[in-house]
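In: Fold the following for me, if possible:
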Amino acid sequence: MEAVERRKKIIEIVSKADGPITGSELSELLDVTRQVVVQDVALLRASGTPIFATSSGYLMLDMNAKKLPLKVFTCRHLTLEQAEAELMIIVENGGRVRDVIIEHPVYGEITGTLMLNTIESVKNLIERLRRKDSLMLSSIVDGVHMHTIEATSEAELLLIEKKLREAGILL
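Out: Just a heads-up that it's a prediction; the model follows:
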């Protein structure tokens with residue numbers, strides 16, 4: 001398959017996917033290496049294709065989607081179990097965790113894209129962190145981090161804020 005045709009196929013697959021699709025999954029479907037997929041996605045993004053890389057895989061942005069209410073919450077926790085509880089509070093109460101942000105003392109603001117909005121997506125992220133023996137981004141700043149949360153209403157954001165405060169996670 002030629003590069004141009006492969007990139008069109010990537011757009012088609014990611015656009016039709018029900019959720020994020022990983023580079024490994026795309027490489028299997030297209031019979032190329034994961035690195036070829038990463039390079040193709042980089043070229044697509046550079047050309048303006050609204051493909052979004054998340055911790056769970058690639059998503060196609062819907063440029064016509066309705067703008068939802070957003071709020072940035074500043075949180076602190078130290079363990080993976082506390083991170084799971086935090087993320088579950090958010091998704092179980094109707095929120096989507098867009099990202100995690102830390103303020104690094106040398107590099108400044110560092111953002112990791114998450115796009116988590118289901119219990120399954122939270123469990124998958126936590127399992128990947130456990131399997132890979134990885135550290136959470138917030139571990140390098142004593143657990144302090146921010147999340148950009150979107151919800152369908154301001155009332156949902158207020159409920160999420162209340163639940164995070166009750167759990168002792170919100171700063």
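In: Which positions within stretch 154-165 qualify as buried?
Out: Within stretch 154-165, the residues scored as buried using 16 or more other CB atoms under 10 Å are 156-157, 159-161, 163-164. For every residue, glycine as well, the C-beta is placed using N, CA and C.
In: Specify which member of these is nearest to Asp133.
Out: Proximity of those to Asp133, judged by CB to CB, is greatest for Leu164, which lies at 27.1 Å.
In: quick one, what contacts the closest one?
Out: For Leu164, the contacting residues are 73, 75, 86, 89-90, 170, by CB atoms under 8 Å, 6 or more residues apart in numbering.
In: Would you map out the domains in the protein?
Out: Taking automatic domain parsing as the reference, the chain has its domains at 3-60, 70-166.
In: can I get these in TSV with mean pLDDT?
Out: Formatted as TSV, the domains of the chain follow (pLDDT from 0 to 100):
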stretch	mean pLDDT
domain 3-60	91
domain 70-166	93
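In: Cross the contacts of Leu164 against strands and list the overlap.
Out: Per DSSP state E, strands hold the following members of these: 73, 75.
In: hmm, which of the contacts of Leu164 are the buried ones?
Out: Buried by 16+ other CB under 10 Å: 73, 75, 86, 89-90, 170, out of the contacts of Leu164.
In: Just give me the closest of these to Leu137.
Out: The shortest gap between Leu137 and any of those belongs to Cys75, at 12.1 Å (CB to CB).
In: tell me the contacts of the residue nearest to the spatial centre of the chain?
Out: Centroid-nearest residue in the chain: Leu114, 1.1 Å away (criterion: CA atoms, centre = their mean). By CB under 8 Å, 6+ apart, the contact list for Leu114 reads 54-56, 97-100, 125, 147.
In: Farthest pair within the residues you listed?
Out: Between any two of the contacts of Leu114, the greatest separation by CB to CB is 15.4 Å, found for Ser56 and His147.
In: Neighbour count: those two, which is higher?
Out: With neighbours defined as other CB atoms under 10 Å, Ser56 and His147 compare such that His147 has more, 23 against 19.
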